[in-house]
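# build the 3D model from these lines:
(one chain, ligands or ions: 1)
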Amino acid sequence: MTEFKTESKRLLELVINSIYTNREIFLRELISNASDALDKLAFAALTNGDDSISRSDLRIKLTADKNGRTLTITDNGIGMTREELEANLGTIAKSGSYDFKQEHAGDASDIIGQFGVGFYSAFMVSGEVTVTSLAYGASDGYIWSSNGVDGYTIEALPPDAEPLRGTSITLKLKDDETGEDGGEDFSQYLETYKLRSLIRKYSDYIRFPIVIDEEHTHTDADGNSHVHVEEQTLNSMTPVWQRPKSEVTDNDYKAFYRDTYYAADDPAAIINVSAEGTVSFKALLFVPLVAPVNFYTREYKPGVSLYSNGVLIMDNCADLLPACFSFVRGVVDSQDLTLNVSRETLQQDRQLRVIAKNLEKRVQSELLKLLADERETYEKFWASFGLQIKYNISADYGQKKDTLADLVLFTRARNGSEPSLVTLSEYAEAMPETQKYIYYVVAENYVTQPEVEAVLNSGFDVLALSDPSDEFMMEMLGEYKGKQLRSVKAQDLELPGDSKSDLAEQETEEKELLDFLTKTLSPEVSAVKLTSKLVSAPCALSSGGNISLEMERFLKTVAGGESFGGKALRILELNPVHKAFGTLKTLFAEDKDKAAQTIKLLYLRAQLAAGLELSGAEDYTKLLDDVVSG
Ligand code: ADP
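A predicted model of the protein is given here:
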């Protein structure tokens, strides 16, 4: 006997012992594997030009033996060689579920729900699993068996066994539990009515017949009863995306979505595409409402399943959707794809590009529709996938920014009202005529940003963003429908009532003081200036040059970011009508040391408000010690 790898063993224990209420899903998992095996065979036969295999012969058969308490699931698919039995059923770690489980040690049923545990779910209902398999093109069959606890054995089938191509999985069902609170009834999985209802529930859309033999007894004219066996097909087979739209209810689509993608919630949107023309295809796409737990990790496989002529070509065809919509799930089915080529050459397929373009447009317009018609749902969707959309505005030199700009939701700050979520278009529509720019701020907490106040007091709204990478997005967007986006940190906000000449005059008047202050803070700060954009704050930091303070903050958070050009050129702006400025003036005349100390404190204050990391903590502690000691 070969022992299971340690990690497989632990996951197995988890599966078997978890108080998992939904044990019945084992059947869905095994049938889905069998269906994959049939798909693989159909694909292999097609690429090998093997005419001996006809798609119409491919099937999955269930056999229940009540006396022996066994349930067998048989497929005549691609089968497994000895090596494949070993590799596929001997270890579970490669499926990714285990790695994931390690990172997110939590509720086991969550993981099962999210990924399915595939083959191993057999052990939720069975204490002994036997897999007999003959691989396509092979002459020797093998038998794998395990009690799910210690390990497994693989033996060659005797030469006279004459196995059929494919895989047969026999489950010896556990004894029924008879506890006070009920316990699990495993015998039900031997009943045709139960199997039929499970197939209807989970596997109806499987595109191969799932059959079971049913015994019928009938009594003839002489009173003798006869038993005859009839094969019944349990699933309706037509995949939900191929059924006429009029025959499919929203609930059918939702059930398909939940079962196929292990989703706990209904999708935010269901998109049905039926295209005729240069390339004819059908697509059924889903926009999830909630991000799968692994969405923002490398575990997540983007893409939709691609079918052609009823044959599954690829499970996760990433070429069919742009990265910005990688959250979309679904299937594309086209008869027009050139299929007798390898999966690699498919990537260059012109027809595939036509489909991809069409899908991108559809997803965009459906999202806009959702935004317009079902705001609450859209906001939930945005909470899940907003990051992905925002990130993709700046990705690839802004290639997709026009597709995405109208989908972004911003927090809008407005004087006298609660912050709310708005689009760029909603912001722009509410702009008074006197407003030249679309103002925004990128800060962990916009309320502490002194410049925001001046803009709000001018009667203009401010878009508040909090992710440091948002700065990239805003720079990439640059403008919206002819209106420039302008950070409140910019040197010139051009607010009404701003008088540049007054300020310039005052700066000349105070030149001696400002030079002194600049020298005191140099080289950290490149200039100390006066500003009219502050209201109640005495000072604020802004930046000259190409790198803004937000960008500096962002570059610090990404690996290697600092080598990009490091620091923003810092400008300390003073509010000339604030009391602190008067204090500075007096001190400058009477006590230069105190004036220097005060400007350093103001610089410290400005850095704190900007959310910057303070460098040289010792200097600051010394400064504060001096101040509190008088
Ligand atoms: P997953 O299906 O998620 O890869 P499973 O544990 O369900 O994980 O199955 C592991 C592997 O075993 C499959 O990827 C497949 O290669 C193989 N396998 C399982 N069942 C069958 C079957 N009925 N026929 C052929 N191969 C199978």
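# let me see the mean pLDDT of the helix or strand that residue 367 is a member of.
Assigned by DSSP states H and E, residue 367 falls within helix 350-373. Averaging pLDDT along helix 350-373 gives 94.
# swap in stretch 284-295?
Mean pLDDT, stretch 284-295: 94.
# check whether that stretch contacts the ligand.
No - counting by C-beta under 6 Å from any ligand atom, the ligand has no neighbours in stretch 284-295; the shortest distance is 14.0 Å. Placement of C-beta: from N, CA and C, glycine included.
# ok, stretch 132-148 next?
No - on the criterion C-beta under 6 Å from any ligand atom, stretch 132-148 is out of touch with the ligand, staying 6.7 Å away.
# in that stretch, what counts as buried?
132, 133, 134, 135, 136, 141, 142, 143, 144, 145, 146, 148 (16 or more other C-beta atoms under 10 Å).
# CA atoms of it as CSV?
The C-alpha atoms that make up stretch 132-148 are tabulated as CSV, following Å, rounded to 0.1, in the frame of the first residue of the first chain:
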residue,chain,number,x,y,z
THR,A,132,-11.1,0.7,-12.3
SER,A,133,-9.7,2.4,-15.4
LEU,A,134,-8.5,1.6,-18.9
ALA,A,135,-6.9,4.6,-20.6
TYR,A,136,-7.8,5.5,-24.2
GLY,A,137,-5.3,3.6,-26.5
ALA,A,138,-4.0,1.4,-23.7
SER,A,139,-4.4,-2.4,-23.4
ASP,A,140,-3.9,-2.9,-19.7
GLY,A,141,-6.4,-1.7,-17.1
TYR,A,142,-5.7,-1.0,-13.4
ILE,A,143,-7.6,-0.9,-10.2
TRP,A,144,-7.0,1.7,-7.5
SER,A,145,-8.6,1.3,-4.1
SER,A,146,-8.6,3.0,-0.8
ASN,A,147,-10.4,3.3,2.5
GLY,A,148,-9.6,7.0,2.5
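# now for the buried residues of stretch 132-148: which two are most distant?
Distance extremes for the buried residues of stretch 132-148: the farthest pair is 136 and 148 at 27.5 Å, using C-beta to C-beta.
# in the stretch 301-450 of the chain, where is pLDDT below threshold?
Filtered on pLDDT under 70, the stretch 301-450 of the chain yields the residue ranges 309-311, 338-348.
# for the residue of the stretch 351-500 of the chain at minimum distance from the ligand, which residues are in contact?
Among the residues of the stretch 351-500 of the chain, residue 384 lies closest to the ligand, at 24.3 Å counting by C-beta to the nearest ligand atom. By C-beta atoms under 8 Å, 6 or more residues apart in numbering, residue 384 lies in contact with 288, 289, 290, 291, 295, 327.
# repeat that for residue 37.
With C-beta under 8 Å, 6+ apart, residue 37 has these contacts: 75, 77, 78, 79, 166, 167.
# which of the residues you listed fall within strands?
Those of the contacts of residue 37 mapping onto strands are 75, 166, 167, per DSSP state E.
# what's the pLDDT at the residue of the chain positioned farthest from its centre?
Most distant from the centre of the chain: residue 222, at 67.2 Å, with distances by C-alpha atoms, centre = their mean. For residue 222, the model assigns a pLDDT of 89.
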